[in-house]
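S.K.: Pasting the sequence and the predicted coordinates here, then a few questions.
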Amino acid sequence: MNPAKTNELFDLLRAGCARQFAFNPRRVTAGMRYVGKEGHGNDVVHVFRDITTHSQMELKGTIVTLREKHGEKAHWTEAEKAHYKSSDAEIDAEIAAKRAELELVSHSPLYLDHRLELLSHYTEWPGFKAGGPTPREAARVLLAALADADDPRLAAFAEQMGSHDPEHLAHLLLAPCRLEIEASRNAASGGAQ
């Protein structure tokens with residue numbers, strides 16, 4: 001589908017969600033992705049899916065329906081609905097908290113000590129080393145090795161982040177990598193002009 005039509009559908013989705021469910025249009029824009037259409041003739045609906053929970057909405061004309069159950073899994077819990085009803089101030093506070101967290105991670109001794117090693121697992125990075133694990137797997141292996149060695153930097157990082165969950169810590173460690181790759185890509189394209 002062309003971008004203009006998709007934007008038009010998103011305009012209808014945001015308006016319908018605000019009117020019917022009091023969802024914040026900013027949250028709808030940030031959280032939903034267009035999946036495609038389903039049905040035939042007058043029964044065509046446009047389907048949108050949340051990028052995190054995979055909960056779905058369907059848009060028919062100007063009416064939005066939340067798919068409470070899709071497959072075996074129930075969707076649209078009260079907590080998820082409340083998340084979509086966040087005020088602009090709450091959304092801004094979340095964004096500020098994420099930025100602060102990212103800033104903390106990118107300047108942490110743990111990240112700085114292992115930065116190049118983590119980046120080397122991204123195909124988009126100039127120092128990419130082929131044949132290795134995915135970035136996520138590399139971060140898991142690194143964290144497991146550091147945990148086995150009782151690394152004080154890992155202990156301090158986990159304490160600072162308020163989490164000892166290896167999956168969450170791996171996610172946090174990889175977040176600055178994505179920003180560095182984007183900055184590298186922008187610098188390369190800016191230098192080519």
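M.R.: Ah, there it is. Numbering: from 1, shown residues only.
S.K.: The helix or strand hosting Lys37: how far from the chain's middle?
M.R.: Per DSSP states H and E: Lys37 is located in strand 32-38. Offset of strand 32-38 from its chain centre (C-alpha atoms, centre = their mean, to the nearest Å): 18 Å.
S.K.: cool, stretch 3-16 as well?
M.R.: Worked out by C-alpha atoms, centre = their mean, stretch 3-16 lies 21 Å from the chain centre.
S.K.: Give me the residues contacting it.
M.R.: 25, 28-29, 32, 34, 46, 48, 57, 59, 61-64 (C-beta atoms under 8 Å, 6 or more residues apart in numbering). Glycine gets a C-beta too; all of them are placed from N, C-alpha and C.
S.K.: In that stretch, which residues are buried?
M.R.: Leu9, Phe10, Leu12, Leu13, Arg14, Gly16 (16 or more other C-beta atoms under 10 Å).
S.K.: now the contacts of stretch 3-16 as JSON lines including secondary structure?
M.R.: Shown next, in JSON lines, are those (DSSP: H, G, I helix; E, B strand; the rest coil):
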{"residue": "Pro25", "secondary structure": "helix"}
{"residue": "Val28", "secondary structure": "helix"}
{"residue": "Thr29", "secondary structure": "helix"}
{"residue": "Met32", "secondary structure": "strand"}
{"residue": "Tyr34", "secondary structure": "strand"}
{"residue": "His46", "secondary structure": "strand"}
{"residue": "Phe48", "secondary structure": "strand"}
{"residue": "Met57", "secondary structure": "strand"}
{"residue": "Leu59", "secondary structure": "strand"}
{"residue": "Gly61", "secondary structure": "coil"}
{"residue": "Thr62", "secondary structure": "coil"}
{"residue": "Ile63", "secondary structure": "strand"}
{"residue": "Val64", "secondary structure": "strand"}
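S.K.: Need the max-distance pair from those residues.
M.R.: Greatest spatial distance among the contacts of stretch 3-16 (C-beta to C-beta): Thr29 and Gly61, at 20.1 Å.
S.K.: For the helix or strand where Leu174 lies, what does the pLDDT average out to?
M.R.: Following DSSP H and E, one finds Leu174 within helix 166-191. Summarised as a single mean, pLDDT over helix 166-191 is 88.
S.K.: Does anything pack onto it? Which helices or strands?
M.R.: helix 88-106, helix 109-119, helix 135-148, helix 152-161 (3 or more C-beta pairs under 8 Å, 6 or more residues apart in numbering; DSSP states H and E).
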